[in-house]
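Chemist: Got a sequence here, can you build the structure:
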Amino acid sequence: MVVVVTGHTGSHPTTSAAVGSPSASPARPTGSPGTRPGASIPALSVPPPVARIPVRAIPGCGSSGCRVVSVAGNVRPGLHLALVRGPDSAVARQVAYLLTVDGRATPLGSMRLRHGDYFVDAVLAEPVCDRLAHCFVAAGLGAHRGVMNVVSVAVDGKMTDLSRNGVFTADTPQIRAVDLDGDGVDEILGMVSDYQPDFATGTDYWIQWVWRAGRYIADGCRQAQPGQPAPGDGLFVAVCPI
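Modeler: Have a look, this model is predicted:
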């Protein structure tokens with residue numbers, strides 16, 4: 001099964017499942033981030049069918065063994081982002097790449113994901129992108145932890161890693177990007193434990209990282225209540241007790 005982005009809800013594309021070569025509708029109704037008033041807005045396009053995405057353009061995928069896992073449509077108007085699983089280098093660690101393409105499946109840029117041990121698993125959040133064309137790919141780390149990969153996608157499809165050497169980590173794999181304050185710019189949200197006296201019985205806290213002054217920084221946390229869902233707002237205390 002391949003997951004393909006087909007719509008748009010809030011700041012994120014929405015996803016639907018399809019088998020074979022799916023089609024998708026444009027995901028973003030606005031121009032690219034930073035478009036000047038009065039400037040022409042690049043046209044949206046339908047993401048190319050999965051079978052047409054040229055994974056062999058990725059260094060390390062030239063001899064095949066790579067497959068497209070998901071496609072985020074119109075990360076910027078007319079520009080699409082594919083998550084590609086490569087041939088695994090070890091039993092306990094997956095290899096994954098990001099590949100940008102245009103509506104004609106022309107490859108524009110690629111990057112290997114460096115942070116995490118596995119990138120394709122049912123417990124992980126789907127890759128999403130926000131209005132700044134920052135894209136977030138969650139990964140599992142070790143036995144039960146999670147880490148967030150963050151890239152910025154430029155208008156030419158080139159990508160810049162904003163992950164700060166893998167500093168966005170949580171004590172569960174359910175780390176994700178979510179727009180908590182409704183401004184279209186995602187925060188990174190994860191859960192951490194104080195390990196007092198141990199992980200199983202310690203107190204859990206939600207922690208968030210926010211985009212500020214050109215980087216993501218930790219911006220407080222709040223205690224997680226058993227059985228309650230993740231916070232839906234940005235009301236975090238300024239000082240984290242852990």
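
Chemist: in the chain, what residue sits furthest out from the centroid?
Modeler: Pro197 (32.9 Å; CA atoms, centre = their mean).

Chemist: Spell out which helix or strand contains that one, please.
Modeler: Assigned by DSSP states H and E, Pro197 falls within no helix or strand.

Chemist: Relative to Thr203, how far out is it?
Modeler: Taking CB to CB, to the nearest Å as the measure, Pro197 and Thr203 are separated by 11 Å. Yep, even glycine has a C-beta here, placed from its N, CA and C like the rest.

Chemist: for this protein, what helix or strand is lowest in average pLDDT?
Modeler: Ranked by mean pLDDT, DSSP states H and E, the helix or strand of the chain with the weakest confidence is strand 2-9, at a mean of 38.

Chemist: What residues are bridge-paired with Glu187?
Modeler: According to DSSP bridges, the residues that bridge with Glu187 are Val178.

Chemist: mind checking how far it is from Asp130?
Modeler: Distance, Glu187 to Asp130, using CB to CB: 9 Å.

Chemist: measure the closest residue in space to Ala230 that isn't next to it in sequence to Gly166 for me?
Modeler: Leaving out its chain neighbours, the residue that sits closest to Ala230 by CB to CB, 6 or more residues apart in numbering is Leu189, at 6.1 Å. Remark: distance between Leu189 and Gly166 (CB to CB) = 17 Å.

Chemist: and the two? which has more neighbours close in?
Modeler: Leu189 (24 against 15; other CB atoms under 10 Å).

Chemist: The more buried one contacts Arg176, doesn't it?
Modeler: Yes. A contact is recorded between Leu189 and Arg176 when judged using CB atoms under 8 Å, the distance being 5.8 Å.

Chemist: Need the residues touching each of these two.
Modeler: Common neighbours of Leu189 and Arg176, using CB atoms under 8 Å, 6 or more residues apart in numbering, are Ala230.

Chemist: who touches the helix or strand Ala138 falls within?
Modeler: Assigning secondary structure by DSSP H and E places Ala138 in strand 134-141. Outside of strand 134-141, the residues that reach it under the criterion CB under 8 Å, 6+ apart are 72, 75, 81, 83, 96, 98, 113, 115-119, 121, 123-125, 127-130, 146-153, 162, 169, 173-177, 185-186, 188, 211.

Chemist: For ChimeraX, write the selection for the buried entries among those residues.
Modeler: With 16 or more other CB atoms under 10 Å as the burial test, the buried ones among the contacts of strand 134-141 are selected in ChimeraX as follows:
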select :72,75,81,83,96,98,113,115,116,117,118,119,124,125,127,128,129,130,146,147,148,149,150,151,153,162,169,173,174,175,176,177,185,186,188,211
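
Chemist: Which of the contacts of strand 134-141 fall in strands?
Modeler: Counting by DSSP state E, the part of the contacts of strand 134-141 found in strands is 72, 75, 81, 83, 96, 98, 128-129, 146-153, 169, 176-177, 188, 211.

Chemist: burial measure for Arg52, as a count.
Modeler: Counted with other CB under 10 Å, the neighbours of Arg52 add up to 12.
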